[in-house]
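Enquirer: Predicted model and sequence below, questions to follow.
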Amino acid sequence: MFKKLFTLFLLILLFFNSHAQQPKNIEIKDSGAFGEIDEVNYPGARILTRSDSGQVHVFHDGIDMYCDQAVLYGKENFVEAYGNVKMIQGDTITMIAKYAEYSGKTQLAYAKGDVVLTEPSAVLTTQQLFFDRAKQEAFYNEDGKVVRDSSGTITSRVGRYYMSKKKYRFLKTVKLVNPEYVLTTNQLDFYSETGHSYMFGSSKIVGETSTVYCERGFYNTNNDTGYFTKNSRIDYDNRIVEGDSLFFDRNRDFASASNNITITDTINKSIIKGHYAEVYKSKDSAFVTKRALAISVQENDSIYIHSDTLMVTGKENNRITRAYRNAKLFKSDVSGKSDSIHVNHQTGLTQLINLFRLSKRDAFSVKRRPILWHLTNQITGDTIYIKSNPETEKLDSLIVFENAFIISKDTLSADYFSQIKGKRLVGLFDDENQLKQVYIFKNSESVFVIRDENDEFVGLDKARSANIEMYFAEGGIYYYKRLISSEANTYPEKDIPKGVKKLKDFDWRAEKRPTSVEDLFKDDPPLNLPTIKGLAPAVPEEEFFDEDLLNRVAQADIESKPKIRYGDARDEKPLKASRQIPTKQVRDDIKRANPQQSKPKKTLKKEALPILNESFKKKE
């Protein structure tokens with residue numbers, strides 16, 4: 001008894017499951033004025049034509065279709081619609097076209113001729129569109145255009161719309177045209193509700209004052225901000241900004257860069273490097289920190305400036321570079337250190353500036369006094385100016401304001417130094433960028449090493465005077481004279497008193513002298529750069545014409561085959577479900593256009609393969 005009841009229960013369950021899985025039939029809501037049958041041209045179909053009161057209206061499982069004429073194949077659950085076709089799904093999706101067809105078995109709709117798909121946030125137009133209701137996805141492969149008011153117009157050769165995500169995927173010759181810019185890319189994933197767009201492959205955003213390039217990036221079309229990674233750069237008129245990660249704000253003319261950044265000034269032939277930068281295009285300013293390095297590119301000998309923070313301001317014909325906190329300068333024949341360094345690229349004036357906020361008696365303040373090394377000479381003071389000719393790239397003059405002190409180490413001994421100090425120093429350079437004359441003004445003091453013609457040590461010359469005038473040759477002092485109120489003494493080596501060898505405030509700092517670009521960074525703390533997660537690659541997705549869809553189509557074709565063979569034309573009844581499916585070659589071309597697509601995970605049903613292959617052979 002129990003076995004009989006259990007068997008009956010299984011039969012009832014199978015009955016309901018089989019009925020539940022059966023596709024619903026297309027229903028006629030309004031058949032129009034005429035209903036005809038034409039077995040010669042439309043075997044097994046009912047032809048419905050609109051009336052004066054309205055169009056033909058058919059319905060299937062939540063979708064309404066209106067047209068001027070419909071050919072309904074009841075057994076195949078298939079409809080062809082002609083003239084002013086409109087398909088409506090719920091209250092969100094509307095599609096209009098000149099012609100459409102729809103299979104209630106496969107739930108695949110096909111439309112062609114001035115197709116317009118309207119969803120709440122955008123309007124898609126194309127000449128041919130597929131709509132898979134089972135997956136809620138639309139697809140075109142013969143040029144399409146999407147218009148969104150705040151974003152602009154997007155065109156592409158191939159496109160796909162995911163209705164549940166409100167997402168478009170555009171492929172092949174993608175172009176977004178906005179009144180402010182034009183975006184081109186290989187692949188664009190665009191979310192119509194938010195205006196968020198993701199670019200993959202070689203991409204450009206070209207505006208009136210800027211051009212963005214990247215190979216992976218995000219752009220918010222609502223507020224005109226973007227984030228770019230992978231070989232990204234921003235061209236701002238005469239500035240090029242590059243970095244591992246770039247942020248861009250069109251409304252503020254602002255960009256920031258993180259990790260391995262480079263800002264190139266194409267007008268002034270200068271480069272700034274670092275690991276964090278901010279650029280304000282409208283303010284003509286750039287801010288760089290984290291191992292910041294400014295390079296003034298010159299034909300013969302470039303100048304390098306490093307500091308904790310670099311700022312470049314001013315129009316292209318009047319750029320000023322400011323280096324703050326522990327600034328250092330290196331050139332093959334000149335190097336220096338200072339709290340701050342300012343360079344006016346138009347006038348050629350470089351300023352090494354002291355910390356004025358600190359007391360002059362503060363030991364730290366003294367140590368941070370600007371210092372300049374030129375050949376064998378060390379020059380210090382409260383402020384140092386170096387003037388050069390921007391055209392010839394030659395050094396012109398040198399001025400040291402307050403507490404000027406110049407030291408030149410004697411090359412033949414370890415204990416003696418020639419020294420001069422005073423209130424102010426003025427130096428002139430020759431055509432070889434070497435000091436040729438130096439003038440010391442007010443309260444001058446000096447200690448000179450005296451040697452004979454055989455370079456034997458004679459003694460030390462120590463003196464005081466109002467001013468001192470010196471002349472250099474081959475980097476060393478070869479002639480000097482004291483002016484006004486001169487007092488001098490010469491001491492043989494055995495009679496040199498204690499304290500005569502060095503003037504007050506003597507501070508020889510040769511170990512601090514940068515001798516290479518690498519030396520500019522040797523006092524810096526360890527650099528810890530943030531990890532940039534960046535943007536993920538395009539999410540692999542299956543083809544629109546995947547195995548699930550092809551199986552549905554093949555199964556519908558199988559079911560449409562006549563069960564009885566008549567031996568005449570009725571046996572060659574054309575297959576409707578698969579007739580609009582692109583050939584395998586076309587599908588392969590689409591797949592190549594989107595290398596991000598994953599490999600199919602399903603396989604066609606064995607019984608479906610012969611029929612589907614047969615239909616493809618006929619089309620090819």
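Expert: Received it, and whenever you're ready, just let me know what you need.

Enquirer: wouldn't Asp265 be in contact with Thr313 here?
Expert: No: counting by CB atoms under 8 Å, Thr313 is not a contact partner of Asp265; they are 11.9 Å apart. In short, each C-beta sits where N, CA and C put it, glycine included.

Enquirer: Which one's more surrounded, these two?
Expert: Asp265 (22 against 15; other CB atoms under 10 Å).

Enquirer: Report the beta-bridge partners for that one.
Expert: Arg239, Ser270 (DSSP bridges).

Enquirer: follow-up on the earlier one: between Asp265 and Thr313, what contacts are shared?
Expert: Jointly contacting Asp265 and Thr313 under the rule CB atoms under 8 Å, 6 or more residues apart in numbering are Arg319.

Enquirer: just for the stretch 451-600 of the chain, where's the confidence low?
Expert: Applying pLDDT under 70 to the stretch 451-600 of the chain flags the ranges 474-476, 485, 562-574, 590, 592-600.

Enquirer: could you show me where the helices are in it, in order?
Expert: Secondary structure of the stretch 451-600 of the chain (DSSP state H, counting those that start in this stretch): helices located at 547-560, 584-593.

Enquirer: out of those, nearest to Lys269?
Expert: helix 584-593 (42.1 Å; CB to CB).

Enquirer: ok, back up a step: who wins for proximity to Cys214 among the helices of the stretch 451-600 of the chain?
Expert: helix 584-593 (20.0 Å).

Enquirer: quick one: contacts for Arg160?
Expert: Glu137, Ala138, Phe139, Tyr140, Tyr168, Arg169, Leu171, Phe544.

Enquirer: ok, now with 7 Å
Expert: Glu137, Phe139, Tyr168, Arg169, Phe544 (CB atoms under 7 Å, 6 or more residues apart in numbering).

Enquirer: got it, and Gln128?
Expert: Contacts of Gln128 (CB under 7 Å, 6+ apart): Lys112, Val115, Tyr140, Glu142.

Enquirer: Sort out which of these are buried, if you could.
Expert: Neighbour-count burial (16 or more other CB atoms under 10 Å) applied to the contacts of Gln128 gives Lys112, Val115, Tyr140.

Enquirer: In helices, which of these fall?
Expert: Nothing among those maps onto helices, per DSSP state H.

Enquirer: Among those residues, which ones are in strands?
Expert: Among those, the residues falling in strands (DSSP state E) are Lys112, Val115, Tyr140.

Enquirer: Am I right that the last one is in contact with Thr126?
Expert: The reference is to Tyr140. Yes: with contact defined as CB atoms under 7 Å, Tyr140 and Thr126 form a contacting pair (4.3 Å).

Enquirer: Any idea how far stretch 207-224 is from the middle of the chain?
Expert: Taking CA atoms, centre = their mean, to the nearest Å, one finds stretch 207-224 lying 8 Å from the centre of the chain it belongs to.

Enquirer: buried ones in it?
Expert: Buried residues in stretch 207-224 (16+ other CB under 10 Å): 207, 210-221, 224.

Enquirer: Mind telling me what element the residue nearest the centre of the chain is part of?
Expert: Residue closest to the mean C-alpha point of the chain, counted by CA atoms, centre = their mean, is Phe228 at 3.0 Å. Using DSSP states H and E, Phe228 maps to strand 225-236.

Enquirer: Show residues contacting that strand.
Expert: Here strand 225-236 has contacts from 209-220, 240-249, 255, 279, 281, 534-535, using CB under 7 Å, 6+ apart.

Enquirer: Likewise for stretch 247-260?
Expert: Contacting residues not belonging to stretch 247-260 are listed as 180, 207, 212, 224-228, 234, 241, 243-246, 275-282, 529-530, 532 [CB under 7 Å, 6+ apart].

Enquirer: First-to-last residue distance for it?
Expert: 14 Å (CA to CA, to the nearest Å).

Enquirer: quick one on the thing from earlier: please pick the buried ones from the contacts of stretch 247-260.
Expert: Using 16+ other CB under 10 Å as the burial test, these include 207, 212, 224-228, 234, 241, 243-246, 275-281 as buried.

Enquirer: Just those: which are in strands?
Expert: If you go by DSSP E, the buried ones among the contacts of stretch 247-260 have 207, 212, 225-228, 234, 241, 243-246, 275-280 in strands.

Enquirer: I'd assumed Arg50 was in contact with Val56.
Expert: Yes: using CB under 7 Å, Val56 makes contact with Arg50 at a distance of 5.4 Å.
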